[in-house]
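[1] Below are the sequence and a predicted model for it; my questions follow.
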Amino acid sequence: MTTIVAFHAHADDPVLLSGGTLARAAADGHRVVVVVATEADGHPTPRWAELEAAAAILGVRRVVHLGYADSGHGPVLYADPPGRQRFARADTEEAAHRLAALLHEERADLLLGYDGNGGYGHRDHVKVHEVARRAARLTGTRLLEATLPRDFALRFVRVVRALRIPFEYDVDALGHTYSPASAITHRFDVRRFAARKQAALAAHVSDVRGRGRLSAVLRVLVWLPAPLFGLVAGREWYAEVTPAAPAHPGLQVPARSGRRRR
């Protein structure tokens, strides 16, 4: 039994790239913790309640918010809201120490982050990559970076476009996002947990029913028969970062013996 901490940028991120992994780990008896860097407002929002509902479906034991503001997507990085800093502007070292403190508190065995492109390039996702790498270095925690094979992402988008499902991403730009197949070290078959992953996705009502760039695609995924959803979203991919000695010995993860469970 281990403790797995999954670090994500936004409340609606944990499901698509790693929801099956989290459900599988929880079902196998591991402690799963989700850490989210940002939220849209400085107080609980419907998206936060939806995250907690989705996390419960996946078997997540704890959800933590790091306290940063969403940086948004697009050419303009707006001013920080009162009293909070947008995550893209956060000092990487400071944010990494916040995450490292949580890894230490949880006695984490494994950290999940994002690949170097931040998946599709969102500035908050790229920041998650940077912060997760630094926190893993500070603590010596094993790190897997969630990603997609680049060719899979391209095929998926082409199918979406062929079906005339509204999709506002630049297909050509996707050729430079996510990861080449050669960089992927772990491929998890999570089709057994496809129904749970789909239900967790459906819990994000604001996104599924909204008008965001992915909303139309999310609606199709939620409406698919579970076996078909499993074919589409029943595999998840990671690239493991070469482990290194902790840069800060005082933040090393304690030995596994006698660990406290919640």
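    Great, that's in hand.

[2] going forward, measure contacts and count neighbours with C-alpha atoms only.
    OK.

[3] I'd assumed Leu66 was in a helix, is it?
    No - checked against DSSP: H, G, I helix; E, B strand; the rest coil, Leu66 lies outside a helix; its state is strand.

[4] helix/strand/coil for the nearest residue to it once chain neighbours are set aside?
    Nearest non-adjacent residue to Leu66, counting by Cα to Cα, 6 or more residues apart in numbering: Ala37, 4.8 Å away. Secondary structure state of Ala37, per three-state DSSP, is strand.

[5] what's the answer for Ala108, then?
    coil.

[6] try Pro166
    Classification of Pro166 using three-state DSSP returns coil.

[7] all numbers from here: first residue = 8
    That works, and once the first residue is 8, the last one we named lands at Pro173.

[8] surely it meets Leu225?
    No - taking contacts as Cα atoms under 8 Å, Pro173 lies outside contact range of Leu225: 10.7 Å.

[9] The two: who's more crowded?
    Per other Cα atoms under 10 Å, whichever of Pro173 and Leu225 has more neighbours is Leu225, with 21 against 13.

[10] Not counting sequence-adjacent ones, nearest residue to the more buried one?
    Here the residue nearest Leu225, using Cα to Cα, 6+ apart, is Val215, at 5.5 Å.

[11] Surely that neighbour is in contact with Leu228?
    No - counting by Cα under 8 Å, Leu228 is not a contact partner of Val215; they are 9.4 Å apart.

[12] ok, how many other residues are close to Pro53?
    Count around Pro53 with other Cα under 10 Å applied: 11.

[13] Which helix or which strand is home to the nearest residue to it once chain neighbours are set aside?
    Spatial nearest neighbour of Pro53, chain neighbours left out: Ser213 (7.5 Å); criterion: Cα to Cα, 6+ apart. Per DSSP states H and E, Ser213 falls inside helix 212-215.

[14] Just the buried residues of that helix, please?
    By neighbour count with 16 or more other Cα atoms under 10 Å, helix 212-215 contains the buried residues 212, 214-215.

[15] Could you save those as a markdown table and add columns showing pLDDT and distance to Leu151?
    Below are these laid out as a markdown table (pLDDT from 0 to 100; distance: Cα to Cα, whole Å):
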| residue | pLDDT | distance to Leu151 |
| --- | --- | --- |
| Val212 | 95 | 29 |
| Asp214 | 91 | 26 |
| Val215 | 92 | 28 |
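
[16] quick one: which of those is nearest to Ala108?
    Asp214 (31.0 Å; Cα to Cα).

[17] The nearest residue to that closest one once chain neighbours are set aside and Ile172, how far apart?
    Nearest non-adjacent residue to Asp214, counting by Cα to Cα, 6+ apart: Ser222, 5.7 Å away. Distance, Ser222 to Ile172, using Cα to Cα, to the nearest Å: 10 Å.

[18] Of the two, which one has the most company?
    Set Ser222 next to Ile172 and count neighbours by other Cα under 10 Å: Ser222 wins out with 19 against 15.

[19] show me where the chain has strands.
    10-15, 38-46, 69-76, 117-121, 149-154, 193-196, 242-247 (DSSP state E).

[20] Show me which residues of the shortest one are buried.
    Taking 16+ other Cα under 10 Å as the basis for neighbour counts, the residues of strand 193-196 that come out buried are Asp196.

[21] That strand - contacts with which helices or strands?
    Using 3 or more Cα pairs under 8 Å, 6 or more residues apart in numbering; DSSP states H and E, the elements in contact with strand 193-196 are strand 242-247.

[22] where are the low-confidence patches of the stretch 8-157 of the chain?
    Within the stretch 8-157 of the chain, the ranges that satisfy pLDDT under 70 run 47-51.
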